[in-house]
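let me see the structure of the following:
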Amino acid sequence: MMHKLIIHILIAMAVYNLAFSSELAFIRRVDYQVGHLPSSVYPVDLNGDGFVDLVVAHESASGIWILLNNGNGTFDIAADYAAGDASLSVISTELNGDKFDDLVVVNVLTDSIYVLFNDGSGVFPSGALFAVGGFPHSVIAADLNGDGYNDLATANTSTKNVTVLLNSFDSTFISAVEYDAQSGALSLAAGDFDGDGDVDIGVANIISDNVSILLNDGNGIFELVGNYDVGEGPHSVIAADFDTDGYCDLATANVFTNDISVLFSSGDGTFCAAKSVEVGSGPSSLFAADFSNNGILDLVVATGFSDSVTVLLNSGRRDFISGGSFAVGHIPIAVSAADLDNNGAIDIVVANTGSDDITVILNVSFPGLNGRPQTWVDCELFNGVVTPATFDLKSETFDELYAGGSGFKDGAPLISESKPGDADYNGGRWHKNVLKSGVSPDKYANACTVEDLDLSDFESTNDYFECPLLPRRRRN
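I've put the predicted structure just below:
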């Protein structure tokens, strides 16, 4: 298989000022050529190495491509699989009880989905085809009947309905059941909309300009209970708690009105009137993730006619503000997000149907979360989570921090004497010490705890600052 990697370097930063003032920065845009008309991209760790890989569906190629993560947010194309005719969308979920993430591909021209079963190493030696409704465009996976196994549902545009496939636990599904939606059922979102503990379904209807709500009786049987108006041409819908009230809300990307609509849940299966937020031209897809690292879900929107993505930062109080727009390939059709470089910050990946590639943009908004700094404490690796700020030495206590020049074990530059959870931890307030002149950093190349250091090799910088720590996953 021939493929070409085109790398562009993009430095972009967005700053916003609300009561939750913060800063976002995305760098190193990388475009990967992935075949003709990529229509969907899904991030998932397919081979169990702890790094998030990418799966791309192709509308014209009738299959998927798998890109494996090199461990630093760069990718190599590893395999491609046939998956049916006109593969429009792909997701990943565990379906057959083996604890490995399988793949589900929507085939729009054959009214079917194709399931590829993972052997645990990121290889998919077997698959099966299942019939759904007419002209399916998207698929979701969730435990719809409460039996502990993930089921599937598709949005079927020509038949204006949703197909539900309940899992039989043996790599097959119970006969499909269809539930009415509205005209142009195009996209699905799963969430508990009425607070009864089971998974309901929201359907974006691109022709009728609304979202249908299908409530679950707990057994995987659904009832259409209402339709809520949104902007014109809702092309994508997601479910998440955007106002932190514990209820699952909905948001749509509206391709014809150049906005998104947010439907805030009342917690009983009903929703408030849609709130509109303007974005770029032709929004086709959106995804919820915590880009600002404040515990509140933000949004990223692919704007297909603007060749960009827009980040919308969430205050948690039912309002959003732009966190910046970032250039991607031509006609971005689908967007997703995950921590692709294992730095603790959420990155962005986009499928660009007009330029036959995907774009990866890495989030380096938080210096500590991007490995600057990484801090060892008792051989456990931590990251800082905020920009360092000075504090009042007269009223605060602090811990000792040791900088090792070119780095300690695994290249981490810092070692601390204490960490979160320790009784003597002082909340991330530090006094910094550095190696004395003439002491080679190589002396401590394998150091990962204060006990590994000869403290007489270090001297004070008289630098005091505040930077809380967050555990970081080891890459062993």
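
drop to CA atoms for contacts and neighbour counts, all remaining ones
Fine.

secondary structure element holding Gly127?
strand 126-131 (DSSP states H and E).

what residues sit buried inside that strand?
Neighbour counts over strand 126-131 (16 or more other Cα atoms under 10 Å) mark Gly127, Leu129 as buried.

what lines up beside that strand in the sheet?
strand 112-117 (antiparallel) (DSSP bridges).

check what pLDDT Pro125 gets.
pLDDT recorded at Pro125 is 92.

no wait, Leu10
pLDDT, Leu10: 26.

mind checking the SS state of Ala155?
Classification of Ala155 using DSSP: H, G, I helix; E, B strand; the rest coil returns strand.

what residues are up against it?
Contacts of Ala155 were listed using Cα atoms under 8 Å, 6 or more residues apart in numbering, and they are 133, 136-139, 161-163, 185-188, 203.

you'd agree Ile207 is up against Gly233?
Yes. Ile207 lies in contact with Gly233 (Cα atoms under 8 Å); the separation is 6.2 Å.

these two: who's more crowded?
Gly233 (25 against 17; other Cα atoms under 10 Å).

what's the nearest residue to the more buried one if we skip its chain neighbours?
With Cα to Cα, 6 or more residues apart in numbering as the criterion, Gly233 has its nearest non-adjacent residue at 4.4 Å, and that residue is Ile206.

so that neighbour makes contact with Ala185?
Yes. Between Ile206 and Ala185 a contact is recorded at 6.4 Å, counting by Cα under 8 Å.

circling back: contacts only, for the residue nearest to Gly233.
Contacts for Ile206 (Cα under 8 Å, 6+ apart) come out as Ser183, Gly184, Ala185, Leu186, Glu232, Gly233, Pro234, His235.

got any ranges where the stretch 251-400 of the chain has weak pLDDT?
Scanning the stretch 251-400 of the chain for pLDDT under 70 picks out 365-373, 383-396.

how about the strands in it?
If DSSP state E, counting those that start in this stretch is used as the criterion, the strands of the stretch 251-400 of the chain fall at 259-263, 275-278, 283-289, 298-303, 308-314, 320-327, 332-338, 347-352, 357-363, 374-377, 380-384, 399-403.

next, format the ones you listed as a markdown table and append distance to Asp249 and mean neighbour count.
A markdown table is the format used below for the strands of the stretch 251-400 of the chain (distance: least, Cα to Cα, whole Å; neighbours: other Cα atoms under 10 Å):
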| stretch | distance to Asp249 | mean neighbour count |
| --- | --- | --- |
| strand 259-263 | 6 | 26 |
| strand 275-278 | 12 | 18 |
| strand 283-289 | 11 | 26 |
| strand 298-303 | 13 | 28 |
| strand 308-314 | 13 | 24 |
| strand 320-327 | 14 | 20 |
| strand 332-338 | 18 | 26 |
| strand 347-352 | 22 | 28 |
| strand 357-363 | 25 | 26 |
| strand 374-377 | 36 | 26 |
| strand 380-384 | 31 | 23 |
| strand 399-403 | 42 | 21 |
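
dump stretch 257-272 to CSV, restricted to CA.
Extracted in CSV, the C-alpha atoms of stretch 257-272 (Å, rounded to 0.1, in the frame of the first residue of the first chain):
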residue,chain,number,x,y,z
THR,A,257,-27.1,28.0,9.6
ASN,A,258,-23.4,28.1,10.5
ASP,A,259,-24.0,27.4,14.2
ILE,A,260,-24.4,24.8,16.8
SER,A,261,-27.5,24.3,18.9
VAL,A,262,-27.3,23.2,22.5
LEU,A,263,-30.3,21.6,24.1
PHE,A,264,-30.0,21.7,27.9
SER,A,265,-31.8,18.8,29.7
SER,A,266,-34.4,19.3,32.3
GLY,A,267,-33.5,15.8,33.7
ASP,A,268,-36.9,14.2,33.0
GLY,A,269,-36.5,13.5,29.3
THR,A,270,-37.4,17.0,28.2
PHE,A,271,-35.1,19.8,27.0
CYS,A,272,-35.1,23.6,27.1
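
residues contacting that stretch, please?
Surrounding stretch 257-272, the residues in contact under the criterion Cα under 8 Å, 6+ apart are 193-195, 213, 215, 226, 228, 230-233, 242-243, 247-254, 273-283.

now with 7 Å, please.
Contact partners of stretch 257-272, identified using Cα atoms under 7 Å, 6 or more residues apart in numbering, comprise 193-195, 230-232, 247-254, 273-283.

can you check stretch 438-450 too?
Against stretch 438-450 from outside (Cα under 7 Å, 6+ apart): 376-379, 404-409, 415-417, 457.

hmm, 8 Å instead?
376-380, 404-411, 415-417, 435, 452-453, 457.

buried residues of that stretch, list them for me.
Tyr444, Ala445, Ala447, Cys448, Thr449, Val450.
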